[in-house]
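Colleague: Pasting a predicted model and its sequence here:
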Number of protein chains: 2
Amino acid sequence: MPRKYDSRCPVARTLNVIGDRWAILILRDFFLQGPRRFQDFEPSLKGITPAMLSQRLKELEGHGVIESRLYAEHPPRRVYDLTEKGRELRPVLLAMKLWGERYTSARSQKHR
Amino acid sequence: MPRKYDSRCPVARTLNVIGDRWAILILRDFFLQGPRRFQDFEPSLKGITPAMLSQRLKELEGHGVIESRLYAEHPPRRVYDLTEKGRELRPVLLAMKLWGERYTSARSQKHR
């Protein structure tokens, strides 16, 4: 779980939900590509382990940002999607995208 | 340093700069309170160690998001402030603030 910060600050409270960068990249994939199964994340989240992905999905679902439903029972398989609360994070992701496009380069990142 | 992600994605590139939650809380303090000295961060960043704060400031300065100048020489003391590149992160912080105000509570955070 992310560490917990001073709950009087709404920015800190948001970071308690999406303060992990994997969480934000998982949300990005939902915004770009819609509902997803566990294995759909692998191509876009290079370096994440299945255990880490499983934990992040569980945390995001615990915070009510995503929801899942079974789509197969033998073996059990789930499909995940954003909730309304999760979709309302779009402005955060969009602001990050715009800043990244303007102020960082796909070639060199540091000391710019 | 934050881990590096696929540089083709502007969200991931932004996370390479501010993907650490301390970095975002440091930026919050600049937006709320303006130029700051090292010791000014202590009251609002509960739990950060001087070494961690020093490292985050150095990283943010390396990315050109903040800048510093000496305000005393004996002993050397610096004052930090946002650059224009840093000020342009305001929409990210603002979106986090608005979401936190709407979807999280100052009392209980989880499973909402």
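Modeller: Nice, thanks for sending it over. All values derive from a computational prediction rather than experimental measurement.

Colleague: For the rest of this, base every contact and every neighbour count on C-alpha atoms.
Modeller: OK.

Colleague: Could you tell me the phi and psi values at A:I66?
Modeller: phi -130, psi 160 (degrees, to the nearest 10).

Colleague: Oops, could you answer that again for A:E67 instead?
Modeller: According to degrees, to the nearest 10, A:E67 has phi -140, psi 160.

Colleague: A:L57 versus that one, what's the distance?
Modeller: 9 Å (Cα to Cα, to the nearest Å).

Colleague: go on, A:G64?
Modeller: 11 Å.

Colleague: And the residue of chain A most remote from its centre, what's its pLDDT?
Modeller: Distance from the C-alpha centroid of chain A peaks at A:H74, with 27.4 Å (Cα atoms, centre = their mean). pLDDT recorded at A:H74 is 89.

Colleague: ditto for A:G47
Modeller: On the pLDDT scale, A:G47 gets 89.

Colleague: which SS state does it fall under?
Modeller: coil (DSSP: H, G, I helix; E, B strand; the rest coil).

Colleague: Count residues in the vicinity of it, would you?
Modeller: 11 (other Cα atoms under 10 Å in any protein chain shown).

Colleague: shaky segments in chain A?
Modeller: A:1-6, A:107-112 (pLDDT under 70).

Colleague: what about the strands in it?
Modeller: A:36-37, A:66-73, A:76-82 (DSSP state E).
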